[in-house]
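Visitor: sequence first, then the predicted structure:
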Amino acid sequence: MSIRIGPKDWADDPLQNEDLAKYPFLNDVSEYIRQTHFDFEEYNRPEFKDIIETAIERIETEASGRLYEKLDRFQREVFIFLATLIIVKSIGIESVLRKYSLFEAMRAEKFLTEDLKRERNEQKRRLLLFKIFKELFNVDIDIDADDERLFKVKITDYLKRASHFHEQEWKLINRMVNKGYVYLDADETVRLFRNELGALVYDKVKMMQLLTLPEALKTKIEELRTKMTHRYEYRATAVTDYPPCVKHALEVMGRGENLPHSARVMLATYMLAIGKPVDEIVMMYENAPDFNEKITRYQVEHLAGMKGSRTKYSVPSCDKLRNENLCFATAECDGIINPIQFGRKMRK
């Protein structure tokens, strides 16, 4: 038995301001901005100075790979979010945009997971699910009436999104499935849509049309652009003798996109196997939207046998990479069973 969330139930119900502050990408917020007839020139007013500073702090925090958790009151939060969109658009650096989009999605993910777990008002939980999943992504999420901690999503909707995850726990065979639905807890339900939340923010920035910029933002944008250009300027890595799977991983990193966990392990173990120092390997991940130097360093050192179990990890075999859709073999790969053999073969 389940409680259906549908347009007949909730299409006209408003969320409270404290909820909208957490999810400034919602249609309700866009409508609020339209109704207030807000003009970008408003940012030139003295009372908006603190809003601009907060927007910059938020962007810098997220661009450095950290979650920005401060939450302001509704009206301020709306104009802070709008300012971040304008600033990121104006900076025009793809790596910054991708990091910003990812961490805005993770910020919303944190708030929504907490709301779905802690909210005791069932009507409020249903409304949140409708406003975010149905209105934004046209996906129906049901609350399981037998266990209110679980949520149901149609198998087709689940597979469309879970196919982007390479971890075993996301494979359908490892999920609880019944009568055409996959059952998930709050964390899993929200995590399933992280990529789409990030894409939503990314598209908002990409589609913005900025004919003029408020004077109060121009200098701040130039300062931030200079800082970010220096920080995220991609240092190309020579890939002449690298196998296609490694080349592909480096190209993805170079575009400022995320690699799945298994691809990151493959890249790190390969670089360790050919003698690259830990510091150099860590910096290869610098362009990833979710890059965190401390975490990345620990993970690379763990794979190198310097941390944890002190076991040095081997490069995954070609068979394993094929099974995880990480193989991009070319004719030069014929006869090898592990990427580490590629360079040796090319030198013969």
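Guide: Nice, I can see it.
Visitor: surely residue 62 is in contact with residue 97?
Guide: No: the criterion here is CB atoms under 8 Å, and residue 62 misses it with residue 97 at 10.6 Å. (C-beta placed from N, C-alpha, C; glycine too.)
Visitor: so where's this structure uncertain?
Guide: Residue ranges of the chain with pLDDT under 70: 1-14, 166, 232-240, 343-348.
Visitor: tell me which element residue 311 falls in.
Guide: Following DSSP states H and E, there is no helix or strand that holds residue 311.
Visitor: from residue 271, how far off is the closest residue to it other than its chain neighbours?
Guide: The shortest distance from residue 311 to any non-neighbouring residue, by CB to CB, 6 or more residues apart in numbering, is to residue 305 (5.6 Å). Distance of residue 305 to residue 271, computed by CB to CB, to the nearest Å: 14 Å.
Visitor: comparing those two, which residue is more hemmed in?
Guide: In this view residue 305 and residue 271 are compared by other CB atoms under 10 Å, and residue 271 has more residues nearby, 25 against 13.
Visitor: contact partners for the more buried one?
Guide: 280-281, 284 (CB atoms under 8 Å, 6 or more residues apart in numbering).
Visitor: mind running it again at 6 Å?
Guide: Contacts for residue 271 (CB atoms under 6 Å, 6 or more residues apart in numbering) come out as residue 281.
Visitor: would you check how far apart it and residue 250 are?
Guide: 10 Å.
Visitor: and the lengthiest helix in the chain, what does it pack onto?
Guide: In the chain, assigned by DSSP state H, the helix with the most residues is helix 94-118. When contacts are defined as 3 or more CB pairs under 6 Å, 6 or more residues apart in numbering; DSSP states H and E, helix 94-118 sits against helix 49-63, helix 186-191, helix 194-207.
Visitor: try 10 Å this time
Guide: Under the contact definition 3 or more CB pairs under 10 Å, 6 or more residues apart in numbering; DSSP states H and E, helix 94-118 sits against helix 17-20, helix 49-63, helix 74-91, helix 122-129, helix 186-191, helix 194-207, helix 215-232.
Visitor: now the strands for the stretch 151-300 of the chain?
Guide: Taking DSSP state E, counting those that start in this stretch to define them, one finds strands in the stretch 151-300 of the chain at 151-154, 176-178, 181-184.
Visitor: make JSON lines from those and add mean neighbour count to it.
Guide: Listed next are the strands of the stretch 151-300 of the chain as JSON lines, based on neighbours: other CB atoms under 10 Å:
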{"stretch": "strand 151-154", "mean neighbour count": "22"}
{"stretch": "strand 176-178", "mean neighbour count": "11"}
{"stretch": "strand 181-184", "mean neighbour count": "20"}
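Visitor: want to try a markdown table for those strands, with distance to residue 256 as columns?
Guide: Formatted as a markdown table, those follow (distance: least, CB to CB, whole Å):
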| stretch | distance to residue 256 |
| --- | --- |
| strand 151-154 | 30 |
| strand 176-178 | 36 |
| strand 181-184 | 29 |
